[in-house]
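K.L.:
Here is the input, now give the coordinates:
(2 chains)
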Amino acid sequence: KAGVTQTPRYLIKTRGQQVTLSCSPISGHRSVSWYQQTPGQGLQFLFEYFSETQRNKGNFPGRFSGRQFSNSRSEMNVSTLELGDSALYLCASSLAKARAGGLVNEQFFGPGTRLTVL
Amino acid sequence: DAKTTQPNSMESNEEEPVHLPCNHSTISGTDYIHWYRQLPSQGPEYVIHGLTSNVNNRMASLAIAEDRKSSTLILHRATLRDAAVYYCILRDEAGGTSYGKLTFGQGTILTVHP
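P.N.:
Numbers count the residues shown, from 1 in each chain, chains lettered A, B, ... in the order given. Got it, this is the predicted structure:
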């Protein structure tokens, strides 16, 4: 089974521009989550989409947005880029449902998109 | 989300067991204990999870204290490939709407010496 894929893997933008990152989840997974990883703040949750609806949201400004399509693929958008947005953006997918015998629902992470803002 | 406390770093020798501790004194009854690890230049990967009882899988074992205020991830025979940052995470699974959210702390950097 193919893993989570993210495109592009590397991106360089300048301040003020906007960027769109893409994530394709594992087949059958309905939940897609996005995380930002920086050396200073570590891994921080951005938001989660489930069945095309945002279900959970982290503490990020409105410049960060996302969406999910009917095939569960997801995109996140960052508008008016700032230098501090330079980070590794990770996408994760999961089944997001209980299984008999207990909840598993582990998240499977992609390799990330490295965004550099100049 | 309940907070976890882990040592910043630990070291081990190859083929020796490693015990990675995690304190979570404010854990609630519906919090599951999850462990993920992040190998260099990769996204995090799931290791193991548990609620009350000790758990074993092909990667590791999870020992949970009786009062659930602490847990220990056990790697039975460390290999060089186990060098990573290990994250202990609590996830509230009451209501079933938080499956997609993980709150990461700083984690423990594990160094494995040959």
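K.L.:
Would you mind listing what in chain A touches chain B?
P.N.:
Within chain A, the positions near chain B by CB under 8 Å from any CB of the partner chain are A:4, A:31-33, A:35, A:42-45, A:48-50, A:55-56, A:58, A:90, A:92, A:94, A:96-98, A:102-112. For every residue, glycine as well, the C-beta is placed using N, CA and C.
K.L.:
and with 7 Å instead?
P.N.:
For chain A, the contact set with chain B under CB under 7 Å from any CB of the partner chain comprises A:31, A:33, A:42-43, A:45, A:48, A:50, A:55-56, A:90, A:94, A:96, A:98, A:103, A:105-107, A:109-112.
K.L.:
Make a PyMOL selection of the buried ones in those.
P.N.:
Applying 16 or more other CB atoms under 10 Å in any protein chain shown to the residues of chain A next to chain B, the buried members can be selected in PyMOL as follows:
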select buried, chain A and resi 31+33+43+45+48+50+55+56+90+94+96+103+105+106+107+109+110+111+112
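K.L.:
Please pull out the lowest mean pLDDT helix or strand from chain A.
P.N.:
Ranked by mean pLDDT, DSSP states H and E, the weakest helix or strand in chain A is strand A:53-57, scoring a mean of 91.
K.L.:
So which residue is smack in the middle of the chain?
P.N.:
Going with chain A. residue A:34 (2.4 Å; CA atoms, centre = their mean).
K.L.:
That was the other one, I meant chain B.
P.N.:
Geometric centre of chain B, nearest residue: residue B:35, 3.1 Å, by CA atoms, centre = their mean.
K.L.:
Could you say which helix or strand holds that one?
P.N.:
In this assignment (DSSP states H and E), residue B:35 forms part of strand B:31-38.
K.L.:
I'd like the C-alpha coordinates of that strand written as CSV, please.
P.N.:
Backbone C-alpha positions of strand B:31-38 (Å, rounded to 0.1, in the frame of the first residue of the first chain) are rendered in CSV as follows:
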residue,chain,number,x,y,z
ASP,B,31,-6.5,9.8,27.5
TYR,B,32,-4.7,7.2,25.6
ILE,B,33,-0.9,7.1,25.8
HIS,B,34,0.7,7.2,22.3
TRP,B,35,4.4,7.0,21.3
TYR,B,36,5.7,8.2,18.0
ARG,B,37,9.3,8.5,16.9
GLN,B,38,10.9,10.6,14.3
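K.L.:
Quick one: distance of it to the chain centre.
P.N.:
Chain-centre distance of strand B:31-38: 5 Å, with CA atoms, centre = their mean, to the nearest Å.
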